[in-house]
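J.: whatever this is, show me its structure:
(chains A and B)
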Amino acid sequence: SQQGEEDPQALSIQEGENATMNCSYKTSINNLQWYRQNSGRGLVHLILIRSNEREKHSGRLRVTLDTSKKSSSLLITASRAADTASYFCATVLSNDYKLSFGAGTTVTVRA
Amino acid sequence: EAQVTQNPRYLITVTGKKLTVTCSQNMNHEYMSWYRQDPGLGLRQIYYSMNVEVTDKGDVPEGYKVSRKEKRNFPLILESPSPNQTSLYFCASSFVGGGEQYFGPGTRLTVT
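T.: So this is what the prediction gives:
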């Protein structure tokens, strides 16, 4: 079964707006990662946040992690058409090495 | 250029005809993994390898085999493909298990 679940499933925003998507998971994690996938292509790693971290930034991306609520959020600020993609969260359990992916959030940025 | 390569990129085959999808990485990564991606299901792990000669089952290993004889290569073998193995397949690698993964471009397989 999937460990992470993204919400919403799909998101449509205007260029320049911010996009927020959430990921919830079920059991204790070692780290949580966010990936981007452009239509049918390979996934690209965005950010890795460890269980003892609460927030990380990378350019226009901001990731938060709340281990008490078993949830994470990805914020894309000042979105661009090139941000149109599917975004996946992936969790690594505390006692494991493999990534478990959610079903993803499809983001469409309208010009 | 650091990369993960997969071949072939597209493959149409018939039920029962053995096939191999190759995966190679040039980053000296210890960890390699295979995933399949199906609509609405995200990525599901098929097999992974922590290092040479060390492989283990993921979430959906039935119908697949792998081998890791060299650090850079991790081929996926379908001994007797069936239509339910029609999917988009990704190979990925990372320095260590649980770390940032680098993905190949994908192999779109159709089994008729």
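J.: may I see the buried residues of stretch A:10-30?
T.: Residues of stretch A:10-30 classed as buried by neighbour count (16 or more other Cβ atoms under 10 Å in any protein chain shown): A:11, A:13, A:19-21, A:23-25, A:29-30. C-beta coordinates here come from the backbone N, C-alpha and C atoms, glycine included.
J.: run through those residues and flag the ones next to chain B.
T.: Among the buried residues of stretch A:10-30, the ones lying near chain B by Cβ under 8 Å from any Cβ of the partner chain are A:N30.
J.: count of neighbours near the closest residue to B:Y10 other than its chain neighbours?
T.: Nearest non-adjacent residue to B:Y10, counting by Cβ to Cβ, 6 or more residues apart in numbering or on different chains: B:R108, 5.1 Å away. Using other Cβ atoms under 10 Å in any protein chain shown, the number of residues around B:R108 comes to 15.
J.: partners of B:R108 in the sheet?
T.: Beta-bridge pairing for B:R108 (DSSP bridges): B:Y10, B:L88.
J.: ok, now which ones touch it?
T.: Counting by Cβ atoms under 8 Å, 6 or more residues apart in numbering or on different chains, B:R108 touches A:40, B:9-11, B:88-89.
J.: mind giving me the PyMOL command for buried ones among the residues you listed?
T.: Listed next is the PyMOL selection for buried residues among the contacts of B:R108, using 16+ other Cβ under 10 Å:
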select buried, chain B and resi 11+88+89
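J.: for A:D83, state which of the contacts of B:R108 is nearest.
T.: Nearest to A:D83, judged by Cβ to Cβ, of the contacts of B:R108 is A:G40 at 16.9 Å.
J.: what helix or strand is that closest one on?
T.: Element membership for A:G40, per DSSP states H and E: none, as it lies in no helix or strand.
J.: looking at it, B:N26 is touching B:N73, isn't it?
T.: No: counting by Cβ atoms under 8 Å, B:N73 is not a contact partner of B:N26; they are 10.7 Å apart.
J.: where does chain A have its least confident helix or strand?
T.: strand A:4-7 (a mean of 85; mean pLDDT, DSSP states H and E).
J.: now B:P105: closest residue in space, sequence neighbours ignored.
T.: With Cβ to Cβ, 6+ apart as the criterion, B:P105 has its nearest non-adjacent residue at 4.9 Å, and that residue is A:G42.
J.: and the one you found, what does it touch?
T.: Shown in contact with A:G42 (Cβ under 8 Å, 6+ apart): B:4, B:90, B:103-106.
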